[in-house]
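Build me a model:
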Amino acid sequence: MNTEPLRHALDRFTHDAAATSGRPASVMAGVHAIRFDSPTALIHDVYRPLVCLVAQGSKRVTSGGTSTVFGAGESLLVASDVPTVSQVLEAGRTAPYLSIVVELDAAILADLADCAPAASPLATSAVRVTPTEAQMADAMTRLLALTDRPDGLRALGPGIVRELHYWVLAGRHGGAVRALGMPGSHAERIARAVALLRRDFAGAISVERLANEAGMSASSFHDHFRRQTSLTPVQFQKQLRLVEARRRMLADGASASSAAFGVGYESISQFTRDYRRLFGAPPLRETRAARDRVAAA
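Model prediction:
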């Protein structure tokens, strides 16, 4: 598939938006352009359901013990909320890594489910890579073209995002995301609990409360939650806290203690142990090294 029009549109948009390397540039709600001017170290995150179209460069994403490399002309589909470790492999100042990410909206998926052809999931993994379909690349290129016309973007942008959801549903992995929009499905129920965890990750949330949110028994909820996210609810909340704490230290300049207490930790020593376990080094050393990498790049 020819990704040149999308590559050109992303390069122009991220340049005009003065997007710094690695910091998403918002196209509209739920749609972000990504640019990296150099390869990166490991990046820990908790992905939402999304589709990512890559126009230039390549990236590796690891989730649930499985690593996937994808690049220009390919799309990453994430079918549920999952913890990931990613790394941009190919990027440079003259040929940056360029991609556009669209968060999948369960309400749009539900509305379009009867219009798109039904397909069975082709794999059990929540993270899949597939060749980018021409219709998807064309839709995103048209969306980026509207950024020069804010009035047109407001009027037409939501329709183009809806169109992209249709092509995701109609694609070979459409069956993986269809359940997200089905009221009462296990995927939709777990998504409700995950939404609660994302909103209140700094608070104390019991498994019973999460199970009630999902409309399941505690044992059934625990089993389905782990099957869908690869983590237990407690592990999932801990990862949300640590990722947010790191963001606050790097982006906002927060101290380790301020970030720890701000995300719900009551013990700095416990925070430091958990942080080292996830990111490989204590908070101050790891964030200092991350800043040094950015400065060097």
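
Report how many residues lie close to residue 197.
By other C-beta atoms under 10 Å, the residues close to residue 197 number 20. For every residue, glycine as well, the C-beta is placed using N, CA and C.

Tell me which stretches of the stretch 51-200 of the chain form helices.
Taking DSSP state H, counting those that start in this stretch as the criterion, the stretch 51-200 of the chain carries its helices at 106-112, 134-145, 150-170, 174-178, 186-199.

What helices and strands are in contact with the first one?
For helix 106-112, the contact count by 3 or more C-beta pairs under 8 Å, 6 or more residues apart in numbering; DSSP states H and E identifies helix 150-170 as packing neighbours.

centroid residue for this protein?
With distances taken as C-alpha atoms, centre = their mean, residue 47 lies nearest the centre of the chain, 3.3 Å away.

In this structure residue 205 contacts residue 195, no?
No: with contact defined as C-beta atoms under 8 Å, residue 205 does not count as touching residue 195 (11.8 Å).

Out of these two, name the residue with the larger neighbour count.
Shown here are residue 205 and residue 195; by other C-beta under 10 Å, residue 205 has more neighbours (19 against 14).

Can you name the residues that contact that one?
Shown in contact with residue 205 (C-beta atoms under 8 Å, 6 or more residues apart in numbering): 196-197, 233, 237.

Could you rerun that using 7 Å?
By C-beta atoms under 7 Å, 6 or more residues apart in numbering, the contact set of residue 205 is 196-197, 237.

need these in CSV with pLDDT, can you?
Formatted as CSV, the contacts of residue 205 follow (pLDDT from 0 to 100):
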residue, pLDDT
196, 96
197, 96
237, 96
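
Could you pull up the mean pLDDT of stretch 286-297?
Averaged across stretch 286-297, pLDDT comes to 80.

Looking only at it, what residues are buried by neighbour count?
For stretch 286-297, a neighbour-count test (16 or more other C-beta atoms under 10 Å) marks 286-287, 290 as buried.

Which ones among these map onto helices?
286-287, 290 (DSSP state H).

coming back round to it: need phi/psi at the residue nearest to the centre of the chain.
Here is the backbone geometry of residue 47 (degrees, to the nearest 10): phi -70, psi 150.

Isn't it up against residue 85?
No: counting by C-beta atoms under 7 Å, residue 85 is not a contact partner of residue 47; they are 10.6 Å apart.

about what we covered before: so what's the residue nearest to the centre of the chain bridging to?
Using DSSP bridges, the bridge partners assigned to residue 47 are residue 82.

contacting residues around it?
Shown in contact with residue 47 (C-beta under 7 Å, 6+ apart): 78, 81-82, 84.

Tabulate the residues you listed (CSV), appending distance to residue 244 and neighbour count.
As requested, the contacts of residue 47 are exported to CSV (distance: C-beta to C-beta, whole Å; neighbours: other C-beta atoms under 10 Å):
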residue, distance to residue 244, neighbour count
78, 19, 24
81, 15, 24
82, 17, 23
84, 15, 20
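
Taking those residues, tell me the two that lie furthest apart.
Pairwise distances across the contacts of residue 47 peak at 10.2 Å for 81 and 84 (criterion: C-beta to C-beta).
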